[in-house]
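K.L.:
A predicted structure for the sequence below; I have some questions about it.
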Amino acid sequence: MDDKITIIEGPPPTFEAVDDGWVMGLNESPSLGEIVVTRLRTFNGPALVERCHRAWRHQAPIHLEYRNSDGLQEQAPIVAARYLETDEGHLLILWVRLTDDSVELQFGYDDDLGDSEDGDSDFTDWSI
């Protein structure tokens, strides 16, 4: 059985913090970590989502395998998956659990703690 989805080419995935309430239910685990989301282009989104569902039906883990910004191989457990059809092809959306060791939280603040001159508000950015 395929126990991972591997990013073969391209830059490291970008992980974004998730503040949806339903995600809190996915974070039940003996290890500490954060649930984050990443979006990836793929040729066959339905097959990749089905691969996740097959693993979960057999109560087996499935991981996202990728190279980090240093070029080192990393894996993160996938806890939810879906795909969308776009004009450019399939977009695979994966929610993964990153451990505290692999997550760096960066905060950005404007001087007035409100909207900046260019219209962007304060942000939270997750990166590896």
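P.N.:
Great, that's in hand.

K.L.:
out of all of them, which strand in the chain is the longest?
P.N.:
Longest strand of the chain, by residue count under DSSP state E: strand 73-86.

K.L.:
buried set for that one?
P.N.:
Neighbour-count burial for strand 73-86, counted by 16 or more other Cβ atoms under 10 Å, picks out 74, 76-81, 83. C-beta: built from backbone N, CA, C; applies to glycine.

K.L.:
pLDDT weak spots in this structure?
P.N.:
1-2, 22-32, 100-128 (pLDDT under 70).

K.L.:
can you map out the helices along it?
P.N.:
Counting by DSSP state H, one finds helices in the chain at the ranges 45-57.

K.L.:
ok, back up a step: what's in contact with the longest strand of the chain?
P.N.:
For strand 73-86, contacts defined as Cβ atoms under 8 Å, 6 or more residues apart in numbering pick out 4-5, 23, 26, 35, 42, 45-46, 48-49, 52-53, 61-68, 90-98, 102, 128.

K.L.:
pull out the buried residues from these.
P.N.:
Buried residues within the contacts of strand 73-86, counting neighbours by 16+ other Cβ under 10 Å: 4-5, 23, 35, 42, 45, 48-49, 52, 62-64, 66-67, 90, 92, 94-98, 128.
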